[in-house]
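Visitor: sequence first, predicted model second:
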Amino acid sequence: MPRAHIGVRPAMAALFGDLSEPARTVVLDLRAPRLLSAFTIGALLALAGVLLQALFRNPLADSYVLGVSGGSSVGALFALLFGASLWIVQCSAALGAVLTTLLVLALARGGATVRVLLTGVVVAAACGAMVTLVLVLADNGQLRGMMFWLAGDLGWAAHPWIMAIATLLATALVFVISRPLDVLATGETTAQSLGLDLGWWRIVIVLVAGALTAGAVIQGGTIGFVGLVIPHFARLAFRTAAHRIVVPAAALAGGTLLAAADLVARTAAAPRQLPVGAIMALLGVPMFLVLLRRLESRA
């Protein structure tokens, strides 16, 4: 398939209608929706990471710690195993994410926050085993699509403008609860002494983080490191842990990082396209190590 070579200046011209129709089609119908999809997925994963790190007070907590990604992957892979269409695959992924979130909450009900974390880890491990079984049952023609889903592929993304609106609403929602997040981050004892209902807020944060992760996974498959790295980056960049600043900063940084990773995935081995999840892991590992050293130096 021939590639369209359109630079930054022609792309900007296309946005204002100053370029030929084929070039405008490439920019507006292909590149812009994909860029927007990458940005929204990265922002959703970053917001989920902010929520879970505040809830668990664990710097290693990220958007997949609850097993939501695993449940979504199981649902999607089962649909792919039976040759389902794209929208059925995404509906199956959404159903898997919802059921996994409800299962974690049901199993951890009545326990402390650490019980939610451990339950999520166990459920994630069970989902990983089910993913392995599905891959064994799949034939060679199905494996490529399944592996791209598991490695992260923005080719699954659909309705980017709807996702952009959902991301704006999600950012506003998480920003509104920034004060309770600040209190939760100080520890359960302090939060209880300040009158915060830990049980209720635990359920709310798990549900919201699960919904954010599900929205991202449905659109782009399993993409790691965004929810782990970006909250730390936002805190270090602005030298504050106040969530009214961390939340919008993390959303912007997460979206920008994943958009950059997708650009690398599309161009590094062109005309072949690499899985964006793999590129994100290659970028995320050194970023996390650098951030870890910065955190240790400030401790």
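Guide: Cool, got the structure.
Visitor: so who does residue 235 touch?
Guide: Contact analysis of residue 235 by C-beta atoms under 8 Å, 6 or more residues apart in numbering lists 241, 246. Placement of C-beta: from N, CA and C, glycine included.
Visitor: send me whichever strand or helix holds it as CSV with only the CA atoms.
Guide: For residue 235, the enclosing helix or strand under DSSP states H and E is helix 226-238. Output of helix 226-238 as CSV, limited to C-alpha atoms (Å, rounded to 0.1, in the frame of the first residue of the first chain):
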residue,chain,number,x,y,z
VAL,A,226,1.1,5.0,30.9
GLY,A,227,-0.9,4.7,34.1
LEU,A,228,2.3,3.8,36.0
VAL,A,229,4.7,6.4,34.7
ILE,A,230,2.6,9.5,34.0
PRO,A,231,1.3,10.2,37.5
HIS,A,232,4.9,10.3,38.8
PHE,A,233,6.0,12.5,36.0
ALA,A,234,3.2,15.0,36.7
ARG,A,235,4.1,15.2,40.4
LEU,A,236,7.8,15.7,39.7
ALA,A,237,7.2,18.1,36.8
PHE,A,238,5.0,20.4,38.9
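Visitor: list the buried ones in the next helix or strand after that helix?
Guide: Counting by DSSP H and E, the next helix or strand C-terminal to helix 226-238 is helix 243-267. Within helix 243-267, the residues scored as buried using 16 or more other C-beta atoms under 10 Å are 243, 245-259, 261-263, 265-266.
Visitor: and helix 243-267, what other elements does it pack with?
Guide: helix 32-56, helix 160-176, helix 178-185, helix 226-238, helix 276-298 (3 or more C-beta pairs under 8 Å, 6 or more residues apart in numbering; DSSP states H and E).
Visitor: same list, these, but as JSON lines with mean pLDDT please.
Guide: Conversion of those to JSON lines gives the following (pLDDT from 0 to 100):
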{"stretch": "helix 32-56", "mean pLDDT": "92"}
{"stretch": "helix 160-176", "mean pLDDT": "94"}
{"stretch": "helix 178-185", "mean pLDDT": "92"}
{"stretch": "helix 226-238", "mean pLDDT": "92"}
{"stretch": "helix 276-298", "mean pLDDT": "82"}
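Visitor: determine which stretch of those is the most buried.
Guide: A comparison of those by mean neighbour count, using mean count of other C-beta atoms under 10 Å, puts helix 32-56 on top with a mean of 27.
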